[in-house]
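Novice: Next comes the sequence, and after it the predicted model I'd like to discuss.
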Amino acid sequence: MEPYIHLDPVLISDYELPPINRNLGEYAILYTYKRRVYTEDDIKSIKRFCKRNNVKLVSIGSSKEWADIQLEASPLEALAYIANARYVITDTFHGTVFSIKYNINFVTLVRKDNFHKLHDLLVRMKQEQREIANYSQIDQILQSEPDYRETNQIIEESRTATISYLSKALS
């Protein structure tokens, strides 16, 4: 039997987001796991991008002392900050899903240990051009806004199918 692939629950659900600190101005979210190690070149590339684009670098999800701001946030607060970001820089599945959900200009660093999961997500959502192999590619990718027309159509069609499947399975 061929398995049915469902959307991540984040893409199916709607959330009432809490208010955020609007005094931050324009910002880029860095959403990564705590254990991620950044080289000097990685840090320079990320900080240079933020400086060139006049945005503050906000680390959320794990504290990076070299970011302009480190935010501690509940899951819904983190989602609200991502939804209001000018850019998202991530290497996580949910950082990518959140960016797609809110149609944010983002890049996803795909590593060997997350290739299958993240690359598959980006391909399925027609956002594979947002994939980077190293942080030196940030400027090149974030110069252009992602086109979300096809992605949003995929989400809407898949949302209906997923909810229908779950309703049948639970009844």
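Specialist: Nice, I can see it. Numbers count the residues shown, from 1 in each chain.

Novice: Can you name every helix or strand that the helix or strand bottoming out on mean pLDDT in the chain contacts?
Specialist: When the helices and strands of the chain are scored by mean pLDDT, DSSP states H and E, helix 9-12 comes last with a mean of 87. Contacts defined by 3 or more C-beta pairs under 8 Å, 6 or more residues apart in numbering; DSSP states H and E place helix 9-12 against helix 93-101, helix 149-170. Backbone N, C-alpha and C define where each C-beta goes, glycine included.

Novice: So for that helix, what gets flagged as buried?
Specialist: 11, 12 (16 or more other C-beta atoms under 10 Å).

Novice: shift numbering so it begins at 493
Specialist: Sounds good: first residue 493 from here, last item helix 501-504.

Novice: now it, how far from the chain's geometric center?
Specialist: 13 Å (C-alpha atoms, centre = their mean, to the nearest Å).

Novice: Contacts for that helix next, please.
Specialist: Contact with helix 501-504 is made by 586, 589, 590, 592, 593, 647, 650, 651, 654, 655, as judged by C-beta atoms under 8 Å, 6 or more residues apart in numbering.

Novice: ok, 6 Å please
Specialist: 589, 593, 647, 651, 654 (C-beta atoms under 6 Å, 6 or more residues apart in numbering).

Novice: ranking the residues you listed by neighbours, who comes first?
Specialist: Neighbour counts for the contacts of helix 501-504, by other C-beta atoms under 10 Å, peak at residue 593, which reaches 22 neighbours.

Novice: And it, how close does it get to residue 537?
Specialist: The gap separating residue 593 from residue 537 is 26 Å, by C-beta to C-beta, to the nearest Å.
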